[in-house]
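Chemist: Could you work out the structure for the sequence below:
(chains A and B)
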Amino acid sequence: MSSVAKEWREIPGRYNLEGSKCPCCGKIFFPKRNMCPICRRESLNNMEDHDICRDGTVYSYSIVYDAPSFADKLKPYAVVMVETDDGVKISAQLVDVDIDEVRIGMRVTAVLRKISSDGPGGIIRYGYKFVPLD
Amino acid sequence: MMDVGIVSYGAYIPRYRITPAEIGRVWGVDGKAMGKGLLIHQKSVPSPDEDVVTIAVEAARGMMARVPEVDPKDIGAVYVGSESHPYAVKPTATIVAEAIRATPAMTAADMEFACKAGTAGIQACMGLVGSGMVKYGVAIGADTSQGAPGDALEYSASAGGAAFLIGSENIIAKINKTMSFTTDTPDFWRREGQSYPSHGGRFTGEPAYFRHITSAAKMMMEEMGTTPEDYKFAIFHQPNGKFPTRVAAQLGFTPEQIEKGLLTPYIGNTYSGAVPLGLASVLDVANPGDRIFVTSYGSGAGSDAFDITVTDAIKDFKRGAAKTVAERMANTVEIDYAKYAVYKEKIVLPE
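Modeler: The predicted model follows:
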């Protein structure tokens, strides 16, 4: 069983793709970080919250045939690396799609789905997955 | 009380479908005839990674996308009505509120009243907005409803939901009046810890669905001094396609008036989502001045009636910023009963 506190801390990123923006150079990051690797000390603890764009394009993908137990019912499924419209790369599952139709360059958008749960009595983890944008 | 109405709305229906013929094939029943009798061609099925939380969030995000000028921090209440909340204790509403960034200066709660918890939420929001306690309230009706395998309900119980932003400024549809008819009628229930609901069979008809809907509807038309001809659209609770068609005829509404808001033949009974989705479907095509008659029904039992008039503001409303109900009903994927059994967790898996 995972830590409830850790799950709770990750809610802004998982629900709303909340990342960070460097106040010096304007570069955006996901997940959040407390320092920009380019501006370093100047940005330390000054990073701004920034919601990453939910629409994007498939940059690369892989089809998963041997799935972890929490995703067993969805296999085979696609895991995609998406370049969002504001230039951040995010990896997640691509669902509501025929896996034969998954292509590099396809337009997708982030939705909220159930990721996993700690058995029938534990907490349910919700987070982003992608679906085709049509 | 100030004018109160719908500022925005959004809808969500999962992608998968199963037909009554396919369900009947497994249980040795003429499912095709069953579907014909119930007036259900197919029903929606949630993906294994969908539940009331994800459905409610997607509906609410569509609702917010259509009103980019609304600051989510001005939302003072979020109510989610459902009989399939993923947690017995731990609100769905807080997850939805977080996902649309309405937290933390707000109130939230989950509601349950069989199939009418969504419209009960609209009424609660109307009270809060009308009294000036909150600027906006969000009312959502959503379900991933359960029918016991082989039971008549399995042919209809489906998934979907719709969200409504209730406010008093820039309303696209004014709610002129709401009235309810409520009694203690045990026609359908589910005890704590039970996986599937029980129902009184034919008892769910005359003394339950028909009595409550016709009573609430007549009460409303008497109060407003209206007749069915005064309304462009009418939406009635739709546990199947047959009941709303019959109750509409009993009250004097025509098939044309109920057509746009009658979704059950194509998506099944979305329970708390049923009337909200029907209303969303009507708002997708409604024009200024159109009057809409709505009557929900929840077993146990009660009906909420609404008299609604579409305003000029709908002309500038950004409908296209989110998917319409018709768009949500397109591009579906039909699955067989085996896949359905996996998706609905009817197969016992090792821990």
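Chemist: can you confirm residue A:113 is in a strand?
Modeler: Yes: according to DSSP: H, G, I helix; E, B strand; the rest coil, residue A:113 belongs to a strand.
Chemist: In contact with it, which residues are there?
Modeler: Residues near residue A:113 by CB atoms under 8 Å, 6 or more residues apart in numbering or on different chains: A:93, A:95, A:126, A:127, A:128, A:129, B:47, B:49, B:50, B:54. All C-beta atoms are positioned from the backbone trio N, CA, C, and that covers glycine.
Chemist: For these, give me JSON lines that also has secondary structure.
Modeler: Shown next, in JSON lines, are the contacts of residue A:113 (three-state DSSP):
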{"residue": "A:93", "secondary structure": "strand"}
{"residue": "A:95", "secondary structure": "coil"}
{"residue": "A:126", "secondary structure": "strand"}
{"residue": "A:127", "secondary structure": "strand"}
{"residue": "A:128", "secondary structure": "strand"}
{"residue": "A:129", "secondary structure": "strand"}
{"residue": "B:47", "secondary structure": "coil"}
{"residue": "B:49", "secondary structure": "coil"}
{"residue": "B:50", "secondary structure": "coil"}
{"residue": "B:54", "secondary structure": "helix"}
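Chemist: Among those residues, which one is most surrounded by other residues?
Modeler: residue B:54 (27 neighbours; other CB atoms under 10 Å in any protein chain shown).
Chemist: and that one, what is it in contact with?
Modeler: Counted by CB under 8 Å, 6+ apart, residue B:54 has contacts A:111, A:112, A:113, A:114, A:126.
Chemist: Same check on residue B:86?
Modeler: Going by CB under 8 Å, 6+ apart, the list of residues near residue B:86 reads A:124, B:51, B:52, B:53, B:92.
Chemist: Likewise for residue A:61?
Modeler: A:78, A:79, A:80, A:81, A:94, A:102, A:104.
Chemist: if we can go back for a sec, just the closest of the contacts of residue B:86 to residue B:201, please.
Modeler: residue B:52 (26.7 Å; CB to CB).
Chemist: Mind jotting down where the strands sit in chain A?
Modeler: A:18-21, A:28-29, A:48-51, A:55-64, A:77-84, A:89-94, A:107-117, A:124-132 (DSSP state E).
Chemist: For residue B:137, find the nearest of these.
Modeler: Going by CB to CB, the one of these nearest residue B:137 is strand A:107-117, 21.2 Å.
Chemist: and that closest one, which strands flank it?
Modeler: If you go by DSSP bridges, strand A:107-117 pairs up with strand A:55-64 (antiparallel), strand A:124-132 (antiparallel).
Chemist: Just want the angle from it to strand A:89-94.
Modeler: 70 degrees (axes from the mean of the first three to the mean of the last three CA atoms, to 10 degrees).
Chemist: Same question for strand A:107-117: list its buried residues.
Modeler: For strand A:107-117, a neighbour-count test (16 or more other CB atoms under 10 Å in any protein chain shown) marks A:108, A:109, A:110, A:111, A:112, A:113, A:114, A:115, A:116 as buried.
Chemist: returning to what we had before: among the contacts of residue B:54, which one lies nearest to residue A:63?
Modeler: Distance to residue A:63 across the contacts of residue B:54 (CB to CB) is lowest for residue A:113, with 18.1 Å.
Chemist: contacting residues around the helix or strand bottoming out on mean pLDDT in chain A?
Modeler: The weakest-scoring helix or strand in chain A, judged by mean pLDDT, DSSP states H and E, is helix A:4-9 (a mean of 93). Contact with helix A:4-9 is made by A:123, A:125, as judged by CB under 8 Å, 6+ apart.
Chemist: go on, stretch B:60-77?
Modeler: So stretch B:60-77 is contacted by A:112, B:7-12, B:96-97, B:99-102, B:105-108, B:124-125, B:128, B:133-138, B:140, B:163-165, B:170, B:317-319, B:321-323 (CB under 8 Å, 6+ apart).
Chemist: picking up where we left off before, any quick PyMOL command for the buried ones out of the contacts of residue A:61?
Modeler: Selecting the buried subset of the contacts of residue A:61 in PyMOL, with 16+ other CB under 10 Å as the burial test, is done by:
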select buried, chain A and resi 78+79+80+94+102
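Chemist: farthest pair in the contacts of residue A:61?
Modeler: With distances taken as CB to CB, the most widely separated pair in these is A:79 and A:104, at 13.3 Å.
Chemist: low-confidence ranges in chain A?
Modeler: A:1-2 (pLDDT under 70).
Chemist: in chain B, which spans are helices?
Modeler: B:20-27, B:31-38, B:52-65, B:92-99, B:117-130, B:211-224, B:242-251, B:255-259, B:264-267, B:274-283, B:325-328, B:337-343 (DSSP state H).
Chemist: so what does the fifth one touch, helix or strand wise?
Modeler: Going back to what we said before, that points to helix B:117-130. strand B:75-81, strand B:107-111, strand B:136-144, strand B:159-167, strand B:173-185, helix B:274-283, strand B:300-310 (3 or more CB pairs under 8 Å, 6 or more residues apart in numbering or on different chains; DSSP states H and E).
Chemist: hang on, the earlier thing: just the strands paired with strand A:107-117: most buried one?
Modeler: strand A:124-132 (a mean of 21; mean count of other CB atoms under 10 Å in any protein chain shown).
Chemist: Okay, angle between that one and strand A:77-84 too, please.
Modeler: Using the same axes, to 10 degrees: strand A:124-132 against strand A:77-84 is 70 degrees.
Chemist: so strand A:124-132 versus helix B:92-99, what angle?
Modeler: Going by the same axes, to 10 degrees, strand A:124-132 makes 50 degrees with helix B:92-99.
Chemist: Tell me what angle strand A:124-132 forms with helix B:52-65.
Modeler: 50 degrees.
Chemist: ok, the nearest residue to residue B:267 once chain neighbours are set aside to chain A distance?
Modeler: Take residue B:267 and drop its neighbours on the chain: the residue closest to it by CB to CB, 6 or more residues apart in numbering or on different chains is residue B:44, 4.6 Å away. Look at residue B:44 and chain A: by CB to the nearest CB, to the nearest Å, they are 13 Å apart.
Chemist: Which strand residues bridge residue B:44?
Modeler: Listed by DSSP bridges, the beta-bridge partners for residue B:44 are residue B:17.
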